[in-house]
Structure formats: C-alpha cells, structure tokens
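**Q** Just need the structure, nothing else, for what follows:
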Amino acid sequence: MRTASFVLGIGLLAALSLGCDRNIEPYTDDPVAQPDLARIFPEAADGNANQPPIMPPPPGSRGTGAAPAAAPASSGAGAGAALQGTLSLAPALAGKVPSGAILFVIARTGPAGPPTAVLRIPDPVFPMSFRIGPEDRMIQQMPFAGPFTVTARVDADGNAMTRNPGDLQGASAEPHSPGDTGIAIVIDEVL
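**A** As a prediction, this is how the structure comes out:
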C-alpha cells in the first residue's frame, strides 16, 4: 500500500512539473500610454483631441487681486475663448471670509455632471478680476463651449467637493458664451 502511494505521489509531481511549460517573464516598468479619450468622448474628436494638452499657468498668475475697469458684457472670440470678469463680496459678508480660504470659480454647462472648468484661487482678496478658459478644463479633451453658468464659492476647508455651512457663494445672473467679458459676480449668499 505504501509503495502504491509513493508511486502515485511521484507520478503526480512529474505531471505537475511537465504541465507548465510557459516561460513567464518578470514585469518590466514599461511606460503607460496616454489613453485615446476621443474614443471615450467622441464629441471632442473635432480635431483638437490630437493636440497636446494645454498646461495651466503657474498658480496665482490670473487672479490679479484688483478689479479691472468696468466693461459691458460682450460676446467675444467665440468657442474656446476665456470668460472674464470681476468678483466682489457683498458688504454684509465682508468679515465672513476665513483666513486660508480657497475661492473656486466654476464654469458649468448644465445642472448636473462635472463642471467644464474650475479656477482655484487661494486667499482671495476682493474685489478681484478673474479669467477662466480652456486651460482650466476638468477634462482637457472636452470642448470649452457654452453657454456657461459661472459661479464662485469661498470654501473654508479648501475641498471643492464639499459645501459646508458658512461657505460663501454667488453666481452670474445669466448664462455666458465663450469669450464674454465684463461678467460681474457678487458673492452674496451664505450656505
């Protein structure tokens, strides 16, 4: 009986060692290719999808801290041009901006889904000018095409995903097209 189990064990080991004849190579750290987002977002495949991504400017280079001269709202260069305007704080909220707060300027094309573009400005000083455009898009392959609802929120915790009691916000009165200038937003609401 013992000899039969020994022979069976040897036969099983021989079958296992002969059963795997693949030469498996170790993992190499090959570079990961950029995915083809035109297949995921076909509406962006208008010729802009194969261009290199637009790099955002250095932090703090667009929020100037001073309001530009008032200009009437106008439609400018068309699809893809930046939106420009001023942000001010309602006098009743002057003392409510916490130190270290982050200002988020958000351009959105619809009531749901991710925003088209977001501008993040640390330690805002009001009044100030803003410029939000294609370089601020959340998904670079998506076109910067409106009409946009533009909102601004002073966020105490710096997390764009949260809306906490005490955060301040305001919105443009009407939708804006790419290239519009003279957009005036008053932050006048406490969440």
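**Q** which one is residue 92 nearest to, not counting chain neighbours?
**A** residue 188 (7.7 Å; C-beta to C-beta, 6 or more residues apart in numbering). For the C-beta atoms, the positions are set from N, CA and C on the backbone; glycine is no exception.
**Q** Quick check: the gap between the one you found and residue 122.
**A** To residue 122, residue 188 is 22 Å away according to C-beta to C-beta, to the nearest Å.
**Q** follow-up on the earlier one: the residue nearest to residue 92: neighbour count?
**A** Neighbours of residue 188 under the rule other C-beta atoms under 10 Å: 15.
**Q** Likewise for residue 94?
**A** 9.
**Q** For the residue nearest to residue 92, give me its contacts.
**A** Neighbouring residues of residue 188 by C-beta atoms under 8 Å, 6 or more residues apart in numbering: 90, 92, 93, 170.
**Q** which pair in these spans the largest distance?
**A** 92 and 170 (12.3 Å; C-beta to C-beta).
**Q** neighbour count winner among the two?
**A** The neighbour comparison of residue 92 against residue 170 (other C-beta under 10 Å) goes to residue 170, with 21 against 9.
**Q** Okay, the more buried one and residue 145: tell me how far apart.
**A** 24 Å.
**Q** what does residue 191 give?
**A** 29 Å.
**Q** And for residue 112?
**A** 17 Å.
**Q** Who has more neighbours out of the two?
**A** Under the criterion of other C-beta under 10 Å, the comparison of residue 112 against residue 145 puts residue 145 first, with 16 against 5.
**Q** Would you agree the more buried one falls within a helix?
**A** No: applying DSSP: H, G, I helix; E, B strand; the rest coil, one finds residue 145 to be coil, outside a helix.
**Q** Would you mind confirming that it makes contact with residue 176?
**A** No: Residue 145 sits out of contact with residue 176 when judged by C-beta atoms under 8 Å, with a separation of 11.8 Å.
**Q** about what we covered before: can you tell me how far the residue nearest to residue 92 is from residue 91?
**A** 9 Å.
**Q** picking that back up, what is the nearest of the contacts of residue 188 to residue 182?
**A** Among those, and counting by C-beta to C-beta, the member closest to residue 182 is residue 170, at 15.9 Å.
**Q** I'd like to know how far the closest one sits from residue 181.
**A** Distance from residue 170 to residue 181, by C-beta to C-beta: 18 Å.
**Q** Let me see the ranges of the helices in the protein.
**A** Along the chain, counting by DSSP state H, helices occupy 2-19, 37-40.
**Q** Just give me the lowest mean pLDDT stretch among the ones you listed.
**A** Among those, helix 37-40 carries the lowest mean pLDDT, a mean of 61.
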